[in-house]
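Novice: what's the 3D shape of this:
(one chain, ligands or ions: 2)
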Amino acid sequence: MLEPKMYESDTRPDWCPGCGDFGVLAALKDALIKSGKKPHEVVIVSGIGCSSNLPGYIRAYGFHGLHGRPVPVAVGIKTANPNLTVIATAGDGDEYGIGFNHVVHAARRNDDIKLIVMNNEIYGLTTGQLSPTSRLGQKTKTSPDGSIIYPLKPLPTILGAGGTFIARTFSGDPKHFSWVIQEALNHRGFALIDAISPCVTWHNIYDEVKKLFYKLEDRGYKPDDEHEAYKAMSDPEGIPIGIFYRREDKPSFQERLAEQNLGKWPVHNVSPLPKNTVEELLYEFS
Ligand SMILES: Cc1ncc(C[n+]2csc(CCOP(=O)(O)OP(=O)(O)O)c2C)c(N)n1
Ligand code: SF4
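Specialist: Ligands and ions are numbered 1, 2, ... in the order given. Prediction:
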């Protein structure tokens, strides 16, 4: 029997009080429990940033790696052991900036990983510089007179790259957030969840989001049409949340690999490294 406390970590988050990332963490735990996943079946991978500290705050397998690199690490883990549920969690600087190339190609290959990007439109950890999703005119430490760069639109970009599950949700609505994650966990292949997760310290957009967001599913929206998805993603008036696009007919990269390499795959059938080799490697990298 799965209980919420199974995912409780001994480490308490050091996020600022009110940071949107608390809502993301709560929704992720709830979604994993509701999906019937046990902690030993789940790996959470991150890069660097406030949001990227998340794997330390949840009791599952975790990997806290280099800035911008959670996606290739997650893809490697899933490819080596397809029985695992692999989730990458990171910030907009991490995934829409330094690591965006990896995201585009994971979407193109339809790698069977789930990516939650905590999008606060700013660099939080490094104290408030411009990020790829910062707005035109936004004042930050690196744009004191207002940004003169148009923001990246990650959702239509990933749709254009062949993404098969593209959603947005809001940390201020944990029930909706948990539902979107549960749907992503059931998806066959790559899922991008753009999570509005405000940074209360450097760019507090809570009030604005609360005024402007609405749920696609409340308006009878069906996420099966690419052109409708582009339109919904580009609403100039409001902030739609929900699943913009989903298709289940495209096999994941890992499924194709299994078909091609029948008998030689997955890699986890290979004998494990001797214990002392693992200890030597850990010592070298500690
Ligand atoms: C290769 C590299 N470049 C830059 C940095 C410095 N750095 C650490 S976190 C970060 C940005 C964090 O912003 P974001 O990914 O949006 O996460 P947040 O802190 O807002 O959650 C940067 C630039 C780094 N650690 N490594
Ligand atoms: S600086 Fe911003 S993103 Fe980082 S913990 Fe504080 S509120 Fe959250």
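Novice: What separation do you get for Pro55 and Ile98?
Specialist: Pro55 sits 18 Å away from Ile98, taking CB to CB, to the nearest Å as the criterion. Where you see a C-beta, it was placed from the backbone N, CA and C, and this is true even at glycine.
Novice: what about the nearest residue to Leu155 once chain neighbours are set aside, how many residues close to it?
Specialist: If the residues on either side of it in the chain are set aside, Leu155 comes closest to Met233, at 4.7 Å by CB to CB, 6 or more residues apart in numbering. By other CB atoms under 10 Å, the residues close to Met233 number 20.
Novice: circling back: who has more neighbours out of Pro55 and Ile98?
Specialist: Pro55 (22 against 17).
Novice: Return the residues of the stretch 1-150 of the chain in contact with ligand 1.
Specialist: Proximity of the stretch 1-150 of the chain to ligand 1, by CB under 6 Å from any ligand atom, involves residues 48-51, 67, 91-94, 118, 120, 122-126, 131.
Novice: which among these end up buried?
Specialist: With burial judged by 16 or more other CB atoms under 10 Å, the buried subset of these is 48-51, 67, 91-94, 118, 120, 122-125, 131.
Novice: Narrow those to those in helices?
Specialist: Asp92 (DSSP state H).
Novice: Return only those of the buried ones among the residues of the stretch 1-150 of the chain next to ligand 1 found close to ligand 2.
Specialist: Intersecting these with the surroundings of ligand 2, defined as CB under 6 Å from any ligand atom, gives 50, 120, 124-125.
Novice: For the residues you listed, which two are the farthest from each other?
Specialist: When these are compared pair by pair using CB to CB, the two farthest from each other are Asn120 and Leu125, 10.6 Å apart.
Novice: any residues in contact with both of those two?
Specialist: Contact criterion CB atoms under 8 Å, 6 or more residues apart in numbering; residues bridging Asn120 and Leu125 by contacting each: Gly91.
Novice: and the buried ones among the residues of the stretch 1-150 of the chain next to ligand 1, which of them are in strands?
Specialist: Assigned to strands by DSSP state E, the following of those qualify: 91, 118.
Novice: Could you list the low-confidence segments of the protein?
Specialist: Judged against pLDDT under 70, the low-scoring parts of the chain cover residues 1, 263, 265-272.
Novice: Which elements pack onto the helix or strand containing Lys211?
Specialist: Under the criterion DSSP states H and E, the helix or strand holding Lys211 is helix 206-212. Contact here means 3 or more CB pairs under 8 Å, 6 or more residues apart in numbering; DSSP states H and E; on that basis helix 206-212 packs against no helix or strand.
Novice: switch the cut-off to 10 Å
Specialist: Using 3 or more CB pairs under 10 Å, 6 or more residues apart in numbering; DSSP states H and E as the contact test, the elements touching helix 206-212 are strand 165-170, strand 239-246.
Novice: Based on its surroundings, how many neighbours for Gln259?
Specialist: To be clear, residue 259 is Glu; Gln isn't right here. Here the count is done by other CB under 10 Å, and Glu259 has 9 residues near it.
Novice: Please report how far it lies from ligand 1.
Specialist: When CB to the nearest ligand atom, to the nearest Å is applied, the distance between Glu259 and ligand 1 equals 36 Å.
Novice: ok, now Phe285?
Specialist: For Phe285, the distance to ligand 1 equals 17 Å [CB to the nearest ligand atom].
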